[in-house]
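Engineer: Fold the following and give me the result.
(2 chains)
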Amino acid sequence: MKTIETPRSLLEVRDLQVRFPTSRGTVHALDKVSFDLRPGQALGIVGESGSGKSVTARTLMNLLPRTAQVSGEVLYEGKDVRALAAAGAKHFWGVEMTMVFQDPMTSLNPVKKVGEQIAETLRYHLGRGRRDAWAEATELLGQVGIPEPAQRVTQYPHELSGGLRQRVVIAMALACRPRLLIADEPTTAVDVTVQKHLLDLLDRLRAEREMAMILITHDLGVAKGRTDDVAVMYGGRIVELADTVSLFSDMRHPYTEALMRSIPRIDDPSHHRLDPIPGRPPGLMEPPQRCTFAARCRYARPDCLEAVPELGGMVGLHRFSCNHPVGTERGRAALATNRAAGINATGLPMTETIEEVG
Amino acid sequence: MAGSGRVQLRDSEDVLLRVEDLVVEFPVGRKRVVHAVSSVSFDVIEGETLGIVGESGCGKSTVARSIIRLNPIDGGRVLYEGDDLAELEGGALRRIRPHLQMIFQDPISSLNPRRKVRDVICEGLAVWGDDHAVWTRSRIGELMEAVGVDPRFGDRRPHQFSGGQCQRIGIARALALDPKVLICDEPVSALDVSVQAQILNLLQDMKQRYGLTVLFISHDLSVVKNVSDRIVVMYLGKVCEIGAADELYESPVHPYTRALLASIPEPAATVDVAEGDIAGELPSPVNPPSGCRFHTRCPHATEICRQVEPTMARVGGGDHFAACHHPVLGPDPTR
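Structural biologist: Have a look, this model is predicted:
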């Protein structure tokens, strides 16, 4: 069991809420998102499109559009990052906290040599001279495993493969030795063999530099193998947060369970029937004040429709927001009741393909 | 890797689609060509699902598109019920196309945004089918019902549906002409995981219900295994390995297949994770390596791999074939 709320947290996120006013109503992109990150820790954030994982990253990086309405606290080493933003702390983002985006082609400037792009970071943030910055850029390319760095440094992004480009982006993000790296789907645009290389690289760099990382991914397998803790997001909220081992062996939230059961696994025999999650992800426009997963959940009971369940439990422990958690007496009772009725509390038919669990 | 050769072709009367030595090349100027597909052969038995798996640039989508002649064929034959699709032109080609229908990767951009989904689905019927309006209408309702889209929403346009719903509509459109072969090119890659399972199950159900033969292309090894009876692994325009789905994953013999299985985030139990560390970058298909095309990255490569292209050969007892000079044969006692 982990220690509870140590003062050594690198990052503390408290009750983060993000809303986007639009002509058709307010989008509730994030609601009550709270988590902690220790120095050197790797936190995975998993979820589907619209779950709020990228908005979380962009909020931390101060990259939201001006129209966004943000509330809550983001403390970096105890200091409020959002107050920094107002004071114009231009050497915080890019130095202490940096980000790697999904598509390396759009995060690199196509008309600048990759060496210049890395050197620019070093000159701007760390005040390096032209020559030193160039030498350091070459060295960084070597550190991220690019062969023949002295030659690559003078090339343009289009001359590199997707995997090498993403390595350049990683080199750029690491140039100023950040203590927190946010990687938003860093391997989604690349092939599996390249993905493995990139994730191995991030693991190695993180260990060498004692850097913390937030790894955002829709791939549960990636989160399982590469993180210390995982937050599962759904409909703009964290619905389950635990250390990676407990989350995968002892999941509590019905959404986490349903997600795991819906993906084909390599060791399942072929034609193994999948258990899809019925229905579709919730809309974020003015969401109702009830559990957002209830309409798709086979555990949902009438109390799930009365209020949004809070993310219970202590910081640092296995936390989940569910009235009838998987693997507990309440969960089993809810499932048995719904099964007997043939429908859940929202009228969703209980399909017969789902066998007994937990 | 890989290789040419046709020993993997089966001599069964039930073979519905047979691709022999397919070659597709794209000119890229200055007399250079991209060797997208180089002498690829496989067959599909009626009612079977054949999966094609490989990384970007391996030629899997080009193979799929070539079969229905969405791109020109530069060599080889595509035999469907005795006709060589590579030779057909004009009216003869058009008449055969309803038999082979395709589902694309991006469900939203593959539907015309300005048309009602009912019209999208019935376009093929309007061209080919009985143009009796009443019959067409009921057939469309039935199809929409079958793929899980409420027929009352037939007057809506694609943007009013989610990605998963659009893919269902794409499937309904493909099924409208009562095809025998359904070609699915990365049909679930653009979808969220919770929706992916719905579409995979739907494809399985439609296959049963309409007696389809399916060609399923994907880069996702777990997805391909889930849907396929037989699987083709491709690399840089060549076939590496062909086998029954369970057998291929249970005892992969080609070093590239093993590398793929070792690279996925939760690697298959049958391979060592270190096998996923294949060296270097994908070579250019404009100037592919000599001999075995995988030799530049293969941990087992020797001189012969640089010089002689391996041909497909049977490995193990069943219909399992690989093109490799140094296949990794496990200590399987049944061999």
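Engineer: Which helix runs longest in the chain?
Structural biologist: Let's take chain A. Longest helix of chain A, by residue count under DSSP state H: helix A:192-209.
Engineer: could you do chain B instead?
Structural biologist: Max-length helix for chain B by DSSP H is helix B:193-210.
Engineer: got the buried residues for that helix?
Structural biologist: Neighbour-count burial for helix B:193-210, counted by 16 or more other C-beta atoms under 10 Å in any protein chain shown, picks out B:193-204, B:206-207. C-beta coordinates here come from the backbone N, C-alpha and C atoms, glycine included.
Engineer: try stretch B:76-87
Structural biologist: Applying 16+ other C-beta under 10 Å to stretch B:76-87 flags B:76-80, B:83, B:85-86 as buried.
Engineer: From these, which land in strands?
Structural biologist: B:76-80, B:83 (DSSP state E).
Engineer: So what would you say the end-to-end distance of stretch B:43-60 is?
Structural biologist: For stretch B:43-60, the first-to-last residue distance is 14 Å (C-alpha to C-alpha, to the nearest Å).
Engineer: Likewise for stretch A:48-67?
Structural biologist: So stretch A:48-67: terminal residues 24 Å apart, C-alpha to C-alpha.
Engineer: Would that stretch count as contacting chain B?
Structural biologist: Yes. Using C-beta under 8 Å from any C-beta of the partner chain, we find that stretch A:48-67 touches chain B at A:48-49.
Engineer: How about stretch A:148-165?
Structural biologist: Yes. Stretch A:148-165 is in contact with chain B by C-beta under 8 Å from any C-beta, via A:161-164.
Engineer: Around chain B, which positions in the stretch 101-250 of chain A sit nearby?
Structural biologist: A:161-164, A:191-193, A:195-197, A:199, A:218-222, A:224-226.
Engineer: residue boundaries of the helices in chain B?
Structural biologist: Going by DSSP H, chain B shows helices at B:60-67, B:90-96, B:117-128, B:133-147, B:163-175, B:193-210, B:221-227, B:245-250, B:255-263, B:303-307.
Engineer: Quick one: distance of the second one to the chain centre.
Structural biologist: Spelled out, that is helix B:90-96. Centroid separation between helix B:90-96 and its chain, computed with C-alpha atoms, centre = their mean, to the nearest Å, is 23 Å.
Engineer: Which of the residues in it are classified as buried?
Structural biologist: Counting neighbours by 16+ other C-beta under 10 Å, one finds that the buried residues in helix B:90-96 are B:Ile96.
Engineer: Would you mind listing the outside residues contacting it?
Structural biologist: Outside of helix B:90-96, the residues within contact range by C-beta atoms under 8 Å, 6 or more residues apart in numbering or on different chains are B:69, B:80, B:83, B:85, B:88.
Engineer: again, but for stretch B:194-203
Structural biologist: A:48, A:258-259, A:262-264, A:273-277, A:280-281, B:147-148, B:162-164, B:167-168, B:171, B:182, B:184, B:187-188, B:191, B:214, B:216, B:223, B:226-227.
Engineer: Let me see the ranges of the helices in chain A.
Structural biologist: A:53-60, A:81-87, A:104-107, A:114-126, A:130-143, A:149-152, A:162-174, A:192-209, A:220-226, A:244-249, A:254-262, A:329-341.
Engineer: What average pLDDT does stretch A:223-243 get?
Structural biologist: When pLDDT is averaged along stretch A:223-243, the result is 95.
Engineer: scratch that, stretch B:206-224 is what I was asking about
Structural biologist: Mean predicted confidence for stretch B:206-224 is 94.
Engineer: export that stretch as CSV, just CAs?
Structural biologist: Listed next in CSV are the C-alpha coordinates belonging to stretch B:206-224 (Å, rounded to 0.1, in the frame of the first residue of the first chain):
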residue,chain,number,x,y,z
MET,B,206,-23.6,-10.4,-41.0
LYS,B,207,-21.1,-13.0,-42.2
GLN,B,208,-23.3,-15.8,-40.8
ARG,B,209,-26.6,-14.2,-41.8
TYR,B,210,-25.7,-13.4,-45.4
GLY,B,211,-23.1,-16.3,-46.0
LEU,B,212,-20.3,-13.9,-46.8
THR,B,213,-16.7,-14.6,-47.5
VAL,B,214,-14.5,-11.9,-45.9
LEU,B,215,-11.2,-10.4,-46.6
PHE,B,216,-10.2,-8.5,-43.5
ILE,B,217,-7.3,-6.1,-43.5
SER,B,218,-5.9,-4.6,-40.3
HIS,B,219,-2.6,-3.6,-38.6
ASP,B,220,-4.0,-4.8,-35.3
LEU,B,221,-2.8,-8.4,-34.6
SER,B,222,-5.4,-9.0,-31.9
VAL,B,223,-8.3,-7.8,-34.0
VAL,B,224,-7.2,-9.9,-37.0
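Engineer: So which bits of it are buried?
Structural biologist: B:206-207, B:212-224.
Engineer: ok, now stretch A:159-177?
Structural biologist: For stretch A:159-177, the neighbour count (16+ other C-beta under 10 Å) marks A:160-176 as buried.
Engineer: okay, how far is it across stretch B:46-61, tip to tip?
Structural biologist: Taking C-alpha to C-alpha as the criterion, the two ends of stretch B:46-61 lie 21 Å apart.
Engineer: ditto for stretch B:180-189
Structural biologist: Taking C-alpha to C-alpha, stretch B:180-189 runs 24 Å from one end to the other.
Engineer: before we move on, what about stretch A:262-279?
Structural biologist: Note: stretch A:262-279 ends 13 Å apart using C-alpha to C-alpha.
Engineer: Same check on stretch B:305-314?
Structural biologist: With C-alpha to C-alpha, one end of stretch B:305-314 sits 18 Å from the other.
Engineer: so what's A:Tyr234 bridging to?
Structural biologist: According to DSSP bridges, the residues that bridge with A:Tyr234 are A:Arg237.
Engineer: Go ahead and confirm it touches A:Pro254.
Structural biologist: No. Counting by C-beta atoms under 8 Å, A:Pro254 is not a contact partner of A:Tyr234; they are 10.1 Å apart.
Engineer: Identify the contacts common to the two.
Structural biologist: Joint contacts of A:Tyr234 and A:Pro254 (C-beta under 8 Å, 6+ apart) are A:Phe293.
Engineer: any chance of the buried residues of helix B:193-210 in JSON lines, with distance to A:Ala334 too?
Structural biologist: Listed next are the buried residues of helix B:193-210 as JSON lines, based on distance: C-beta to C-beta, whole Å:
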{"residue": "B:Val193", "distance to A:Ala334": "24"}
{"residue": "B:Ser194", "distance to A:Ala334": "20"}
{"residue": "B:Val195", "distance to A:Ala334": "25"}
{"residue": "B:Gln196", "distance to A:Ala334": "27"}
{"residue": "B:Ala197", "distance to A:Ala334": "23"}
{"residue": "B:Gln198", "distance to A:Ala334": "24"}
{"residue": "B:Ile199", "distance to A:Ala334": "29"}
{"residue": "B:Leu200", "distance to A:Ala334": "28"}
{"residue": "B:Asn201", "distance to A:Ala334": "25"}
{"residue": "B:Leu202", "distance to A:Ala334": "28"}
{"residue": "B:Leu203", "distance to A:Ala334": "32"}
{"residue": "B:Gln204", "distance to A:Ala334": "30"}
{"residue": "B:Met206", "distance to A:Ala334": "34"}
{"residue": "B:Lys207", "distance to A:Ala334": "35"}
